[in-house]
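[1] Structure for this input, please:
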Amino acid sequence: MTINEFLVWLIQFSPLFSSALIVMLFYKKSSISSNISIAGIGFSWLLSLWLLFSSIIEKGHSFVMDQHLWISVFNFDIEFGIMTDGLTAIMVFVVTSVALIVQIFSKGYMEHDSSIPRYYTFLSIFIFSMLGAVLASNLLQIFIFWELMGLCSFLLIGFWFEKPSAVKAARKAFLVTRFGDLGFILSIVLIWNSIGSLDIMVINSKVTSMDTNVLLFAAFGLLCGAMGKSAQFPLHVWLPDAMEGPTPVSALIHAATMVAAGVFLVARFFPLFESVDMIQTIMIVIGITTLILTGFLGIAANDIKRVLAYSTVSQLGYMFVALGLGAYIAAIFHLITHAFFKALLFLCAGSINHSTDTFDMRNMGGLSKLMPLTFTTFLIGSLSLCGLFPFAGFWSKELIIGAAYEKNIIVFVCLMVGVFLTSFYVFRALIMTFFGDFHPTSEFSKLKKHVHESSRVMSYPLLVLAIPALFLGFIDFFHIFEEMLYNANPYLNSDHGEHHFHLFIPVISIGLITLGAIFSYLIFYKNYLKLFRNNLNSSFLVKLLNERYYIDYFIEKVFVTRFILGSLGNSLVFFDKKVIDRAVNFTGKFSINIGQIFVRSVNGQIQFYSFAIIGGLLVCQIILLLVSFYVLGT
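    Here you go, the predicted model:
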């Protein structure tokens, strides 16, 4: 093993070592456990800087590959290893950067919690799982860490398990993502049967030699897994409820781990996806549907974390549309910028909650004066989310919209609608949270004298995240990411999303952002159109949005309660009692009856045993004689 290989292994396993150290030695010491966890991910972050710069020097080509035989059964050989290229280096840097900031922020946010060691243990294993999936050299290895991420998300979303809502949300996230992972398992089997290997490079290189039907179902299976993790319609229902977990966990899930894993999976096997036009069309349809539906849900939500959650799902819709259009680089670039400004927004929400003890924006107002730093950083993250020039989100979103304009004008129009919706719900959240006055009828107004800016351990991470949220997009001028991502996968067939710059696109985008801001200002700050707003609030449309299009109702009440637990459950109970139980009981009674026959022969009399032995020998002798006569006769 070379020094480079050893260092890459340390990137992945350093968080796991820190979690093991906490469990074995410092499980009852909160301050020490948090420092150990931060040190572990900090060490990984330093090594990720080395990996990123090394990849830039190598122009994104794979330069570290270390594999060891793991499973060998018949002709089934699986190796456990690491693979680094431009995509890996970028993802590792993003994951470790956001994770490090989240862990530092957590020191202040979780300071009064009684289970800090357990929190940091789960958080470290969560980060280890994401790094394992990113650095994996084969598909089965990705799947193992993929499932470990699902387990960690279950533990962290339900971290405050004394709350029934947290337990329900954790169970929902686990089951919905498992439903998507059924397709992932199917894809693994199909790919193995088709090419006899699960190695990532081998799969991408042999796409053209795979059977068309196998290629279609393998790509669809991987897409199902990606849809579950990245919360795409109709598997998006788990992500808003995941807000029951601690806010730093939400920041990590939405910015650098769970939801990013789905987009990463599609990007890692992009030659497979771009070889099937039907799958690319499905990705576009799913992305647009998710983008628009969750955009409207963001407008109706009053919980600031839920607004940000719907925003995440909506932005992931942009990424899936980009991947469907073949704009592989644009999708990953938006994933990178989104990771930083979305982590910033969630941590700002955590800072607000830590000071006010509420997430309901109706109980807020006027916080810009009381929490100026949180307001400033939240504003930076919001403008980046909207895609306003010159913030980071502008550059990555412009790449996606530009690719849509050149390839499909209908998709382009839908993305522009998404720009307006994003602006409207973002500025609505800004106005309701930071502007105006405290509401006299609100219980929150009684806490006004206690509201203050967060401590340094929570404020400094916001300032750090505000820097990439503001300036990261300018790196597009140097085409560093573009070269690294393109060289990371030599088997790409398309133009990987290159397009010419069209000045009118950002002009229209900025116009729509401004329009969304004006509407939010007039409706939620100036309180114009009050009568219209009151009528709208009592309309079926708002009820439809509050009920989340009744999708959750259908899944929980119809599909799960009536079909799974009802019809299907009753059928399985009937089969279990009438068929399986009867078969088992019959086998047991039959064995007992046979045993009763032989029990009578065990009478303790030596004469009887001698007679039985001699009789048995005679029977055996007769059988041998008959067989001998038969053989000689033939």
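
[2] hey, let's count contacts and neighbours off CA atoms from now on
    Fine.

[3] Pass me the low-pLDDT residue ranges in the stretch 501-634 of the chain, would you?
    Residues of the stretch 501-634 of the chain meeting the criterion pLDDT under 70: 529-540, 556-569, 597-598, 600-603, 631-634.

[4] so where do the helices sit in it?
    Remark: helices assigned in the stretch 501-634 of the chain by DSSP state H, counting those that start in this stretch are 504-520, 530-537, 540-546, 551-553, 569-575, 581-599, 606-633.

[5] Let me have these in a markdown table, adding distance to K163 and mean neighbour count as columns.
    As requested, the helices of the stretch 501-634 of the chain are exported to a markdown table (distance: least, C-alpha to C-alpha, whole Å; neighbours: other C-alpha atoms under 10 Å):
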| stretch | distance to K163 | mean neighbour count |
| --- | --- | --- |
| helix 504-520 | 34 | 18 |
| helix 530-537 | 30 | 12 |
| helix 540-546 | 22 | 15 |
| helix 551-553 | 20 | 15 |
| helix 569-575 | 28 | 13 |
| helix 581-599 | 38 | 11 |
| helix 606-633 | 69 | 11 |
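
[6] Tabulate those helices in JSON lines, adding columns for distance to I11.
    As requested, the helices of the stretch 501-634 of the chain are arranged in JSON lines below (distance: least, C-alpha to C-alpha, whole Å):
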{"stretch": "helix 504-520", "distance to I11": "39"}
{"stretch": "helix 530-537", "distance to I11": "51"}
{"stretch": "helix 540-546", "distance to I11": "43"}
{"stretch": "helix 551-553", "distance to I11": "39"}
{"stretch": "helix 569-575", "distance to I11": "46"}
{"stretch": "helix 581-599", "distance to I11": "52"}
{"stretch": "helix 606-633", "distance to I11": "70"}
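
[7] Mind listing what's buried along the helix or strand where S187 lies?
    Using DSSP states H and E, S187 sits in helix 164-195. Within helix 164-195, the residues that qualify as buried by neighbour count (16 or more other C-alpha atoms under 10 Å) are 165-178, 180-181, 183-185, 187-188, 190-191, 194.

[8] Repeat that for stretch 366-377.
    G366, L367, S368, L370, M371, L373, T374, F375, T376, T377.

[9] ok, the fourth one to M364 distance?
    Distance, L370 to M364, by C-alpha to C-alpha, to the nearest Å: 11 Å.

[10] on that earlier part again, helices or strands up against the helix holding S187?
    Judged by 3 or more C-alpha pairs under 8 Å, 6 or more residues apart in numbering; DSSP states H and E, the packing partners of helix 164-195 are helix 139-157, helix 212-229, helix 238-241.

[11] Mind giving me the packing neighbours of the next helix or strand after it?
    Per DSSP H and E, the first helix or strand lying C-terminal to helix 164-195 is helix 200-205. Here helix 200-205 touches helix 270-274, going by 3+ C-alpha pairs under 8 Å, 6+ apart.

[12] C-alpha coordinates for the very next helix or strand once past the helix it packs on, CSV please?
    Where DSSP H and E defines the elements, the next helix or strand beyond helix 270-274 is helix 277-300. Only the C-alpha atoms of helix 277-300 are listed here, as CSV (Å, rounded to 0.1, in the frame of the first residue of the first chain):
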residue,chain,number,x,y,z
ASP,A,277,-33.2,7.9,-23.8
MET,A,278,-36.3,6.8,-21.9
ILE,A,279,-34.6,7.0,-18.6
GLN,A,280,-33.3,10.5,-19.3
THR,A,281,-36.9,11.5,-20.2
ILE,A,282,-38.1,10.0,-17.0
MET,A,283,-35.5,12.0,-15.0
ILE,A,284,-36.6,15.2,-16.7
VAL,A,285,-40.3,14.6,-16.0
ILE,A,286,-39.6,13.6,-12.4
GLY,A,287,-37.3,16.6,-11.9
ILE,A,288,-39.8,19.1,-13.2
THR,A,289,-42.7,17.6,-11.3
THR,A,290,-40.7,17.7,-8.1
LEU,A,291,-39.5,21.2,-8.8
ILE,A,292,-42.9,22.7,-9.3
LEU,A,293,-45.0,20.7,-6.8
THR,A,294,-42.6,21.3,-3.9
GLY,A,295,-42.1,24.9,-4.9
PHE,A,296,-45.8,25.5,-4.2
LEU,A,297,-45.5,23.6,-0.9
GLY,A,298,-42.7,25.9,0.1
ILE,A,299,-45.0,28.8,-0.3
ALA,A,300,-47.7,27.3,2.0
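
[13] Show me what helix 277-300 is packed against.
    Counting by 3+ C-alpha pairs under 8 Å, 6+ apart, helix 277-300 packs on helix 212-229, helix 270-274, helix 304-324, helix 409-434, helix 540-546.

[14] pretty sure V214 contacts W192?
    No: between V214 and W192 no contact is recorded; they are 10.6 Å apart, counting by C-alpha atoms under 8 Å.

[15] circling back: out of the helices of the stretch 501-634 of the chain, flag the one nearest G287.
    When these are compared for distance to G287 using C-alpha to C-alpha, the nearest one is helix 551-553, at 17.2 Å.

[16] Pull up the gap between V507 and F519, please.
    Noted for V507: a distance of 18 Å to F519, by C-alpha to C-alpha.

[17] ugh, wrong one, G245
    Counting by C-alpha to C-alpha, the separation of G245 from F519 is 33 Å.

[18] again with F145
    45 Å.

[19] ok, now N193?
    From N193 to F519 the distance is 56 Å (C-alpha to C-alpha).

[20] Same check on Q621?
    Using C-alpha to C-alpha, Q621 is found at 102 Å from F519.

[21] roughly how far apart are the spatially most central residue of the chain and E147?
    For the chain, the residue nearest the mean C-alpha position is M258 (2.2 Å; C-alpha atoms, centre = their mean). To E147, M258 is 10 Å away according to C-alpha to C-alpha.

[22] Now do the phi/psi pair for M83.
    Reported as degrees, to the nearest 10, the phi and psi values for M83 are phi -140, psi 130.

[23] ok, what's across the strand from it?
    Beta-bridge partners for M83, by DSSP bridges, are M65.

[24] my guess is it contacts A133, does it?
    No: M83 lies out of contact with A133 (C-alpha under 8 Å); the separation is 10.5 Å.

[25] worst average pLDDT in the helices and strands packed on helix 164-195?
    Note on the helices and strands packed on helix 164-195: lowest mean pLDDT is at helix 238-241, with a mean of 83.

[26] mind checking how far whichever helix or strand comes after that helix is from the chain centre?
    Downstream of helix 238-241, the next assigned helix or strand under DSSP H and E is helix 247-255. Chain-centre distance of helix 247-255: 10 Å, with C-alpha atoms, centre = their mean, to the nearest Å.

[27] elements contacting helix 247-255?
    Judged by 3+ C-alpha pairs under 8 Å, 6+ apart, helix 247-255 is in contact with helix 86-109, helix 139-157, helix 328-356.

[28] L69: helix or strand, and which one exactly?
    Secondary structure from DSSP H and E places L69 in strand 64-73.

[29] ok, back up a step: what's the closest non-adjacent residue to the residue nearest to the centre of the chain?
    K229 (5.8 Å; C-alpha to C-alpha, 6 or more residues apart in numbering).

[30] quick one, what contacts that neighbour?
    Going by C-alpha atoms under 8 Å, 6 or more residues apart in numbering, K229 touches T177, G180, M258, V259, A260, A261, G262.

[31] One more: I279?
    Taking C-alpha under 8 Å, 6+ apart as the criterion, I279 is in contact with L216, A219, F220, F273, G324.

[32] Quickly note the distance from the last one to T208.
    Yep, that's G324 we're talking about. Taken as C-alpha to C-alpha, the span from G324 to T208 is 19 Å.

[33] Out of the two, name the residue with the larger neighbour count.
    With neighbours defined as other C-alpha atoms under 10 Å, G324 and T208 compare such that G324 has more, 27 against 14.

[34] follow-up on the earlier one: could the helices and strands packed on helix 164-195 go into JSON lines alongside distance to L297?
    Listed next are the helices and strands packed on helix 164-195 as JSON lines, based on distance: least, C-alpha to C-alpha, whole Å:
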{"stretch": "helix 139-157", "distance to L297": "21"}
{"stretch": "helix 212-229", "distance to L297": "19"}
{"stretch": "helix 238-241", "distance to L297": "10"}
